[in-house]
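Chemist: no sequence for this one, just the structure:
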């Protein structure tokens, strides 16, 4: 068939049936992460950076698509007050999945306030050993933190107590009591 119009239509049909982005798929890669907390699977988020610039982000539950190359993968553990991160170098190859993983160790801290021998309401601000503020929590609420040493400032009404060298151990609950 030498009809130019039919040849054009046939060429267009073949082009439409060819998978889109096949050249792009060759330069695309994916990164998948896994995180553990005290040896158990944990939920975490993944941020991919190139020279400090964020390229992609998402959950560790599904691979993230990026162009092939070398990146920083920042894995952040979900559900902890101090939001711990691990940064890893990762090189991706076109058409393949590169895997990164991070292990985190955490414990629980529960601050108990007593006034006149009875449990009372209070607030606590938690600081790292070097003085960086981690966050503020209500007393009586178990809070996930990375293992390490902390300072806790407990407030009840108009008074406060500063408790130092509070140790958080992997998989354990540390109960801190402040008596007013």
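Modeler: Right, received. Where do you want to start? In this text, all values refer to a predicted model and were calculated from it rather than measured experimentally.
Chemist: next SSE after the least confident helix or strand in the chain by mean pLDDT?
Modeler: Lowest mean confidence among the helices and strands of the chain (mean pLDDT, DSSP states H and E): helix 22-27, at a mean of 48. Using DSSP states H and E, the helix or strand that follows helix 22-27 towards the C-terminus is strand 28-37.
Chemist: for that next one, what is the average pLDDT?
Modeler: In this model, strand 28-37 carries a mean pLDDT of 95.
Chemist: Buried ones in the next helix or strand after it, by neighbour count?
Modeler: Note on strand 28-37: by DSSP H and E, the next helix or strand toward the C-terminus is strand 40-42. Residues of strand 40-42 classed as buried by neighbour count (16 or more other Cβ atoms under 10 Å): residue 42. Placement of C-beta: from N, CA and C, glycine included.
Chemist: Okay, and the beta partners of the residue nearest the centre of the chain?
Modeler: Residue closest to the average C-alpha location in the chain (Cα atoms, centre = their mean): residue 76, at 1.9 Å. As for beta bridges, residue 76 partners with residue 45, residue 85 under DSSP bridges.
Chemist: Report the contact partners of it.
Modeler: By Cβ atoms under 8 Å, 6 or more residues apart in numbering, the residues touching residue 76 are 44-47, 83-85.
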